[in-house]
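**Q** Dropping the sequence and predicted coords here.
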Amino acid sequence: MKKTFGLASAFILAAGLTAGCSSTGTSSEQKENKDTLDVYTTIYPLEDFTKKIGGEYVNVKSVYPPNVEAHTYEPSSKTMAEISDSDAFIYSGVGVEGFADKAVSTLKNSDVKIVKAGEGIDLLSREEEGEHDEHAHEEEHGEHDEHAHEEEHEHGEAEGHDHHHDHGDHDPHVWLDPVLAEKMAENIKDQLVKLEPEHEKTFTKNYESLKKDLDQLNKDFKQTVDKADKKEILVSHAAYGYWEKRYGIKQMSVLGLSPTEEPSQKQLENIVKTAKEHDIKYVIFESNVSSKISEIIKKEIGAESLTMKNLESVSKEDIENGKDYTTIMKENLAVLKKALSNK
């Protein structure tokens, strides 16, 4: 059973905050005397963007360990106490961090600046990205299979799945769209300027440099998809709806917007049928999400495996090799190019 940041953790954090206030000097005064901003982030793109924009004036740390699955991760009370002592907590605010709402509510008792990097971004609904055709709403295919639903529910309980982290009606994976990632980076830049206005020129210059990389990435994605043999891809996790809207691909997903959303038997049959109709040769898995069901489908249609990185977090290997958002997204583009080919 995973840890939940609940009342007990809230009390521990509250006690830590009280103790901090009784120490020499207030938290606000201590922060004003520092040369750099201490910033905590969630998903990897926010960590990467904050480091690039803030440069030498920020000390950035992600709450996520390497290769974690962001939808279900819960930070410890110790981590939350550390965040409360920092200058800023930057999270997406679009629904991918399961712990965020409860954590943000508790952090309001501290001096930390809470930043929603996804502020101002219009999220895709399930209907807009067409996910209900492949996975979400069996009613669209006619009758609702009650028996399959019961089996799915029982399977979810047996595997220890918790649907608390489902995303409702919107797709949170906005950072995979370079254009929307640019908006997140801009929001981060704006907040850093508010915290350290004396470094506005540096933050703006660094942001403009990042923006050029993201603009080029967007052009590369568009060009690759425009020249592709097909537009359909089969993925284990429905994380690529924004690519559908911007570039015109069509994702067929085994799991839902959250990896805990598993398909019924009837939905599996529809996925296999559609994959065969489109002569799908590859199933795209994700480096931090495992799915036995996706493996079964891969064997059923005789497909090969490809691996995409959804960038919720990164591996130790990627960190050691100096990879960043841009280089990993280029790797994803190479995977997408192969998946869209008839070879």
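**A** Yep, it's here.
**Q** Now do the end-to-end distance for stretch 229-236.
**A** One end of stretch 229-236 sits 21 Å from the other (C-alpha to C-alpha, to the nearest Å).
**Q** in it, what's buried?
**A** 232-236 (16 or more other C-beta atoms under 10 Å). Every residue, glycine included, has its C-beta placed from N, CA and C.
**Q** how far away is residue 257 from residue 213?
**A** According to C-beta to C-beta, to the nearest Å, residue 257 stands 27 Å off from residue 213.
**Q** ok, these two, which is more surrounded?
**A** Comparing residue 257 with residue 213 by other C-beta atoms under 10 Å, the one with more neighbours is residue 257, at 29 against 19.
**Q** quick one: the more buried one is in a helix?
**A** No. Residue 257: not assigned to a helix; according to DSSP: H, G, I helix; E, B strand; the rest coil it is coil.
**Q** My read is that it contacts residue 172, right?
**A** Yes. Proximity of residue 257 to residue 172 meets the contact threshold set by C-beta atoms under 8 Å, at 7.2 Å.
**Q** For the chain, give me the ranges with low pLDDT.
**A** Along the chain, segments meeting pLDDT under 70 span 1-34, 126-168, 258, 260, 288-291.
**Q** can I see the domain layout of it?
**A** According to automatic domain parsing, the chain comprises the domains 7-116+176-186, 125-174+214-339.
**Q** Ok, which of the ones you listed comes nearest residue 207?
**A** Closest approach to residue 207 among those (C-beta to C-beta): domain 7-116+176-186, 5.1 Å.
**Q** just so I have it, where are all the helices in the stretch 51-200 of the chain?
**A** Taking DSSP state H, counting those that start in this stretch, the helices of the stretch 51-200 of the chain run over residues 77-84, 100-107, 126-129, 131, 146-158, 178-195, 200-226.
**Q** Please save the CA atoms from the first one in CSV.
**A** C-alpha atoms of helix 77-84 as CSV (Å, rounded to 0.1, in the frame of the first residue of the first chain):
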residue,chain,number,x,y,z
SER,A,77,6.4,14.2,5.3
LYS,A,78,10.2,14.9,5.5
THR,A,79,10.2,16.0,1.8
MET,A,80,7.1,18.1,2.4
ALA,A,81,8.8,19.8,5.3
GLU,A,82,11.9,20.6,3.1
ILE,A,83,9.6,22.1,0.4
SER,A,84,7.9,24.3,3.0
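**Q** Which parts of it count as buried, going by neighbours?
**A** Within helix 77-84, the residues scored as buried using 16+ other C-beta under 10 Å are 77, 79-84.
**Q** same check, this time on the longest one
**A** Within helix 200-226, the residues scored as buried using 16+ other C-beta under 10 Å are 202-203, 206-207, 210-211, 213-214, 217-218, 221, 224-225.
**Q** can you give me the strands in the stretch 201-343 of the chain?
**A** Along the stretch 201-343 of the chain, the segments classed as strands by DSSP state E, counting those that start in this stretch run 232-235, 250-253, 282-286, 304-308.
**Q** Report the inter-axis angle for the last one versus strand 282-286.
**A** Relative orientation of strand 304-308 with respect to strand 282-286: 40 degrees, computed using axes from the mean of the first three to the mean of the last three C-alpha atoms, to 10 degrees.
**Q** Strand 304-308 pairs with which strands?
**A** strand 282-286 (parallel) (DSSP bridges).
**Q** cool, the second one as well?
**A** Using DSSP bridges, the strands paired with strand 250-253 in its sheet are strand 232-235 (parallel).
**Q** Pull the residues that contact the partner strand.
**A** Outside of strand 232-235, the residues within contact range by C-beta atoms under 8 Å, 6 or more residues apart in numbering are 240, 249-254, 271, 275, 278, 280, 282-284, 286, 297, 301, 303, 308, 336, 339-340.
**Q** how about 6 Å then?
**A** Contact with strand 232-235 is made by 250-253, 275, 278, 280, 283-284, 339, as judged by C-beta atoms under 6 Å, 6 or more residues apart in numbering.
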